Structures are given as structure tokens and as C-alpha cells.
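*Asks:* Pasted the sequence and its predicted model underneath.
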Amino acid sequence: MFDRRQGGQNVYLIIPSIGFSYPTKTSIAEFESLSRTTGAKILGQVVFKIKTPNPKYFMGLGKIEQIKQSIIDLKVDLIIIDELISASQQKNIEEKLECRVLDRTGLILDIFATSANTYEGKLQVELAQLQYISTRLIRGWTHLERQKGGIGLRGPGETQLESDRRIISLRIKSIKSRLEKVKKQRMQGRSLREKNNIDSLALVGYTNSGKSSLFNLLTKSNVLVQDKLFATLDPSIAKLYLSKTHRITCADTVGFINKLPHTLIEAFKTTLQETTDANLLLIVVDSSDEECNQHIMQVKNILKEIKADNIPFIMVYNKIDLTNKKPKIIDNQDQPIRVYISVKEKLGIDVLIGVIADHFAAKMHDETIILSADEQKQKSWLYKHNYIEQELYQKDGSSKVNIKMPKHQWQNFNTKFINQT
């Protein structure tokens, strides 16, 4: 029986493509990058296509033998497969190759585990890991032997497999309960924003497209920015001022990726709610990537899966400094607005803010009013809420005030002051 060794950074990559075409250069590079993010040292790889996965070994026995010779020669510690494989396939491949095997889901979970920093993020990662592990518990692995009973306890008893499943089930239940409390805390914050009619914006997109850098630029924040996949796992929320008197909330969210496991989407529902509750989405795209159109499709598919596909969105094509394009807006009536920017060179950012402001402008009240010298309470209230854009003093002691505020606040102003006079 093959004994699964733990640890080891010497890695061999298996990159299959199911169907009639080989994996693209970009998808291969992405998988290599995912692997290196974990600290792996890639010693070799094999790229091939298969029409239909083998139910027992995922790939043919001929390919298995070819790979076995390679990993022996290279002294490989771990094999990573760029597909989701079943628990039995993983066990069978490990026994044939006598080497530990990890699939794409396990790899992404490992990256998430090192990227989670907050209490909520760590809980969500652990939940996803446990849900993944629970599908890997099958009979036949050396650590799943029947427990030994003591005097008076001998008999069938509880197998280690059953014990593992029970422990995992209890832990999953506990984590879900904790996440529910976190969700309620988030809901309180959302309820307060909704009560004050504060609009919200969420940045979404493929991982490493520049969302966090754009978030920092828009909100003058300082969240972690790294040139690696899944640098952002925990959501960040900050104020975004569209003008002196108009602010909204802006959320930076976890990046999406091709073949994102469904278990991760389920586990990260609390975090993804920042996306589903937003009034507007910015879909950030790396315009320099050859497969940016495919990435857009994958992002939209995930938005559909989390039921956020009906939220208005603006396409933001970042990194135009790498494509020699100029900042611009393309606004065709039959297509979403597209804005071309460079966060690195700070090109087109003001244009983007203007497009966002135009989207929310319909909810704003813009008017010039005259306040007499006796209406200082009204003026103080407007200044307190930062709704005065300009004030001009008149000869008679009155003030000509240009105000801009959400329409519901204009109604509050009228109710509080004008309707009472």
C-alpha cells in the first residue's frame, strides 16, 4: 500500500485538456503561476489532450507509465493536476505513481489558506477545505483503518473513516454557525447604508487584473497589492467621493479564475455578498492579456452563478500602458459602457470617476437656493452633511447656495425646514 508522504516542494505538473484542442499558452502559464504561488519548484510538466477522462485513472495507463518514469528521474515530491479529479481517481493515480497527488481545487485551497488574514476569511477557507476533504474520505487509504476497541468495547465499533466524517461534519456545522454571525454583523452595516440610502460599488474581475490597485486609487486606501494570483481574499470597503458632496461605498472583492471550484463559491458566499448587494459593478479587465475576452466570459458566468448578473456594470479595461492605447470611453447604446484606463500610470481615472458619477446622477438633486440671514440652521445642516458645493454672499445678507445631495436627503431637508415654515 502506498504511504502518502506529506510536504515537499519539488513539483511535476499534469496539464490535460478535455476535448479536441490543447491547453492554450495563457492557461498553461496561469496554472504554472498558481503552482508557484504556493512556493512550488516546478521540475517538469506534461501537456496533453484527452477526449474522455478515464473513470479509474482520469488518463490512460500509457500516459501514467510515461509520467512515472519522468517523476522518478526528476525526484518529484508532489504531482499537481490542472483538473478536478474524484477521490478514487486521486487514490488510484497515487498508487500507480507512488507519489502524492493534488488537483486544481486542492491547489487553489492551499493558496487561499495562505492569503486569508481576517477571522471571516480564515473561517471561509477552513469551511471550503473541510467540504473538499469530506469528499476525499474513501476506504483503502492507510490512515483509515478500523479503530481498536478495549475490554467491553470490542466489536465492529466505529471505523476511523466514520469517525473522520463525524468530526468533519461537526466542524463544518460549527463554522457555518460562526459565519452566520459574521453575516448578521455585515447585514447590520448594510442596513445602516441602506437606511441612509448610500449607494455601493463593487470591483469584480479576473484575479490579478488590477482591482486592488484601482480600489486604492479611487478610495485613497492602502490595501495589499501584489503581482500574484489571489493577493486579495478578504474584502475591503471604503468611501469613494464622486464629488465634494456625493460619496458612495466601494468594495474590493476576491478575484475570479477559470474553473473556480463550486465549493469555494459556496464557502465564500458571505464575502461575495458585497458583490450581490452592490448597486453598480466595475468589471476590471487586464486589457493586455491575450485571453481577456475569455476571462470576461468566465467572470460573467460566476456573476450569474452568484445571482449578480442583473446588476448594472461598467467594463473597465486596465493596463492600457502595456498596449499603447489611450484612455477613452466607448458608449454604444446597445452595449455596456467601456472605459480604458491605466492604474499604474494614473491614466483615465478622472474619466472613470465621471462615468460612475453619471450613473448615480439620476439619484442626485442639484439646485441653487437662496438662504436669508435668518436661516442659519438650514445652512449649518447643509454644511454638516457636506451638501454645499458653492456659496455666494449677497448684498442683502442672504446667501446664494449651490447644493447637491441625494434626492431622499432633499426630501428630508424640505420636511425638516421648509415645510415647517
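*Replies:* Thanks, I have the structure now.
*Asks:* Near residue 285, how many other residues are there?
*Replies:* Close neighbours of residue 285, defined as other Cβ atoms under 10 Å, add up to 23. C-beta: built from backbone N, CA, C; applies to glycine.
*Asks:* and if you look at residue 299?
*Replies:* By other Cβ under 10 Å, 23 other residues sit near residue 299.
*Asks:* now residue 244
*Replies:* The burial count for residue 244: 12, using other Cβ under 10 Å.
*Asks:* Can you read off the backbone torsions of it?
*Replies:* According to degrees, to the nearest 10, the main-chain angles of residue 244 amount to phi -60, psi -30.
*Asks:* Starting from residue 208, give me the distance back to it.
*Replies:* Distance of residue 244 to residue 208, given as Cβ to Cβ, to the nearest Å: 34 Å.
*Asks:* repeat for residue 89
*Replies:* Residue 89 is 30 Å from residue 208, by Cβ to Cβ.
*Asks:* Please report phi then psi for the nearest residue to residue 345 once chain neighbours are set aside.
*Replies:* Once flanking residues are discounted, residue 345 sits nearest to residue 321: 4.7 Å by Cβ to Cβ, 6 or more residues apart in numbering. Here is the backbone geometry of residue 321 (degrees, to the nearest 10): phi -70, psi -20.
*Asks:* just residue 411 next, same as before
*Replies:* Torsion angles, degrees, to the nearest 10, at residue 411: phi -70, psi -40.
*Asks:* Against residue 380, how distant is it?
*Replies:* Per Cβ to Cβ, residue 411 is found 19 Å from residue 380.
*Asks:* Who has more neighbours out of those two?
*Replies:* Legend: neighbour count by other Cβ under 10 Å for residue 411 and residue 380, higher for residue 411 (13 against 10).
*Asks:* hang on, isn't residue 175 packed against residue 125?
*Replies:* No - taking contacts as Cβ atoms under 8 Å, residue 175 lies outside contact range of residue 125: 10.0 Å.
*Asks:* Those two: which is more packed in?
*Replies:* When residue 175 and residue 125 are compared for neighbours, residue 125 comes out ahead with 23 against 20, by other Cβ under 10 Å.
*Asks:* Can you tell me the element that one falls in?
*Replies:* Using DSSP states H and E, the element containing residue 125 is helix 119-134.
*Asks:* in that helix, what counts as buried?
*Replies:* By neighbour count with 16 or more other Cβ atoms under 10 Å, helix 119-134 contains the buried residues 120-134.
*Asks:* Which element is encountered next along the chain beyond that helix?
*Replies:* On the C-terminal side of helix 119-134, the nearest following helix or strand under DSSP H and E is helix 160-195.
*Asks:* picking that back up, can I get the helix holding residue 125 in PDB, CA atoms only?
*Replies:* Output of helix 119-134 as PDB, limited to C-alpha atoms (Å, rounded to 0.1, in the frame of the first residue of the first chain):
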ATOM      1  CA  TYR A 119     -11.300  36.000  11.100                       C
ATOM      2  CA  GLU A 120     -14.000  35.700   8.400                       C
ATOM      3  CA  GLY A 121     -11.600  34.800   5.600                       C
ATOM      4  CA  LYS A 122      -9.900  32.100   7.700                       C
ATOM      5  CA  LEU A 123     -13.300  30.600   8.600                       C
ATOM      6  CA  GLN A 124     -14.400  30.600   4.900                       C
ATOM      7  CA  VAL A 125     -11.200  28.900   3.800                       C
ATOM      8  CA  GLU A 126     -11.400  26.300   6.500                       C
ATOM      9  CA  LEU A 127     -15.100  25.600   5.500                       C
ATOM     10  CA  ALA A 128     -14.000  25.100   1.900                       C
ATOM     11  CA  GLN A 129     -11.100  22.900   2.900                       C
ATOM     12  CA  LEU A 130     -13.300  20.700   5.100                       C
ATOM     13  CA  GLN A 131     -16.000  20.400   2.400                       C
ATOM     14  CA  TYR A 132     -13.300  19.300   0.000                       C
ATOM     15  CA  ILE A 133     -11.700  16.900   2.400                       C
ATOM     16  CA  SER A 134     -15.000  15.300   3.200                       C
END
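*Asks:* name the helices or strands packed onto that helix?
*Replies:* Helix 119-134 sits against helix 104-115, helix 160-195, helix 262-267, helix 269-276, with contacts defined as 3 or more Cβ pairs under 8 Å, 6 or more residues apart in numbering; DSSP states H and E.
*Asks:* Show residues contacting the one helix or strand in the chain whose mean pLDDT sits lowest.
*Replies:* In the chain, no helix or strand scores lower on mean pLDDT, DSSP states H and E than helix 262-267, which sits at a mean of 71. With Cβ atoms under 8 Å, 6 or more residues apart in numbering as the test, helix 262-267 has contacts from 105, 108-109, 112, 124-125, 127-128, 131-132, 272, 302, 305-306.
*Asks:* and with 7 Å instead?
*Replies:* With Cβ atoms under 7 Å, 6 or more residues apart in numbering as the contact definition, helix 262-267 has outside contacts at 105, 108, 124, 127-128, 131-132, 305-306.
*Asks:* Out of the residues you listed, which two sit at the greatest distance?
*Replies:* Comparing every pair within the contacts of helix 262-267 by Cβ to Cβ identifies 132 and 306 as the most remote, at 19.1 Å.
*Asks:* So the residue nearest the centre of the chain, which state does it fall into?
*Replies:* Nearest to the mean C-alpha position of the chain, counting by Cα atoms, centre = their mean, stands residue 254 at 1.9 Å. Recorded secondary structure, residue 254: coil (DSSP: H, G, I helix; E, B strand; the rest coil).
*Asks:* mind starting the numbering at 49 from now?
*Replies:* All set: I'll call the first residue 49, so the last point we hit is now residue 302.
*Asks:* Phi first, then psi, for it.
*Replies:* Residue 302 adopts backbone torsions of phi -60, psi 140, taken as degrees, to the nearest 10.
*Asks:* Could you check the pLDDT of it?
*Replies:* The model reports residue 302 with a pLDDT of 80.
*Asks:* how close does it get to residue 164?
*Replies:* Counting by Cβ to Cβ, the gap from residue 302 to residue 164 is 10 Å.
*Asks:* try residue 215
*Replies:* Relative to residue 164, and taking Cβ to Cβ, residue 215 is found at 22 Å.
*Asks:* Alright, that wraps it up for me.
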